[in-house]
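S.K.: test case, fold it:
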Amino acid sequence: MSVPMKYLIFLSILIASSLSSSFAFANPCEDTRQLKSLWETKYIKLVQNPEALGNGFDRSSMAFKLANAICILEYPGLPKYDGIYYRYYTAMIKTLIINLDSSRVTSGTLASTSSLGVIEIHREFFNYERPDMPFAGTSTILHEARHVELALNNKPNYHVKCTKGILKESNIKACDAEFAARWEIASPRSYEVMFLSKLYEESVYYTTNQAIKASINNTLENYINDVPIEIYQYFYKR
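M.R.: Below is the predicted model:
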C-alpha cells in the first residue's frame with residue numbers, strides 16, 4: 001500500500017522529533033505557586049465570571065484545572081513555540097464563560113463556542129477522572145480558537161455528522177470530515193491532534209505522556225470521520 005506523501009512528511013517529522021534529546025526544565029504549570037501567580041495576574045482576566053469557579057486554588061479546584069489547561073498552551077515545553085499557541089488563543093478568543101449547567105450540552109462536551117470569540121466552559125472540563133486530562137481541556141480551547149480563525153477567514157469551520165465512534169448513532173454534528181496534516185488547512189480537530197502530537201514527541205515536560213496519547217486516540221477514534229490508516233498505526237504503536 002502506497003502512503004500519500006503529505007502523510008509521510010507529517011510522520012517523518014514526528015519520528016525525527018521523537019529521536020531528539022530532551023532534558024529537564026521546571027514546569028510552571030505543575031508548580032502550584034507559579035500557576036496561582038499566573039492565574040491571579042493573567043489568566044483570571046480571560047474569564048468573564050471567575051466567581052463560578054468557586055473558592056480556593058489547589059489541585060482539586062476548578063480554578064487550578066482551568067489555569068493548568070491555559071498554562072499548557074502558554075508553556076507547552078516546546079522552546080521554539082512557548083507563548084505562540086497562547087498568543088494565538090488570546091488573539092482569537094475574547095472571553096471564557098463558565099457554564100456548569102450540563103443539562104443542555106451533549107454528554108462529554110468540555111467546551112463550546114456560544115458566539116464568535118466566546119467560549120463556554122462546561123462541567124466536563126473539570127472531570128479529572130478522564131484519562132486524557134488535562135490535555136483534552138487544553139486542546140479543546142485551542143480547537144475553539146481554530147473555529148474562530150476559520151470563521152474570520154470565511155473558511156469552512158463547522159462539524160459534520162459522525163460516521164463512526166461514540167456519536168455514530170446520534171444526529172449531533174460533532175465530527176470533522178477528515179484529518180488534515182498541514183497547519184494551514186487543518187480542521188479544528190486536526191489542529192488538536194497536531195498540537196498534541198508535538199507535545200507527545202517534543203515537549204521537555206510531557207514527552208510520551210500517556211494522557212496525551214489518550215486524548216489523541218479519543219479524537220482520532222471518535223471525532224474525525226476519515227483518518228488515514230498510517231496515522232492510526234503511528235499513534236497506536238507509540
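S.K.: most centrally placed residue in this protein?
M.R.: Ranked by distance to the mean C-alpha position of the chain (CA atoms, centre = their mean), the top residue is residue 139 at 0.4 Å.
S.K.: pLDDT on the helix or strand containing that one, on average?
M.R.: The secondary structure element spanning residue 139 is helix 135-152 (assigned by DSSP states H and E). Average pLDDT, helix 135-152: 93.
S.K.: ok, then the element right after it?
M.R.: On the C-terminal side of helix 135-152, the nearest following helix or strand under DSSP H and E is strand 160-161.
S.K.: burial count for residue 50?
M.R.: Using other CB atoms under 10 Å as the criterion, residue 50 is surrounded by 17 other residues. Where C-beta positions appear, they are placed from N, C-alpha and C, glycine not excepted.
S.K.: any idea how far residue 57 is from it?
M.R.: Using CB to CB, to the nearest Å, residue 50 is found at 11 Å from residue 57.
S.K.: over to residue 99: give its phi and psi.
M.R.: Residue 99 adopts backbone torsions of phi -130, psi 100, taken as degrees, to the nearest 10.
S.K.: for the nearest residue to it once chain neighbours are set aside, pull up the helix or strand it's in.
M.R.: Take residue 99 and drop its neighbours on the chain: the residue closest to it by CB to CB, 6 or more residues apart in numbering is residue 120, 4.4 Å away. Per DSSP H and E, residue 120 falls inside strand 118-121.
S.K.: what's that strand packed up against?
M.R.: Using 3 or more CB pairs under 8 Å, 6 or more residues apart in numbering; DSSP states H and E, the elements in contact with strand 118-121 are strand 95-98, strand 111-115.
S.K.: in JSON lines, list these along with mean pLDDT, distance to residue 61 and mean neighbour count.
M.R.: Supplementary listing: the helices and strands packed on strand 118-121 in JSON lines, determined by pLDDT from 0 to 100; distance: least, CB to CB, whole Å; neighbours: other CB atoms under 10 Å:
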{"stretch": "strand 95-98", "mean pLDDT": "96", "distance to residue 61": "13", "mean neighbour count": "18"}
{"stretch": "strand 111-115", "mean pLDDT": "85", "distance to residue 61": "18", "mean neighbour count": "16"}
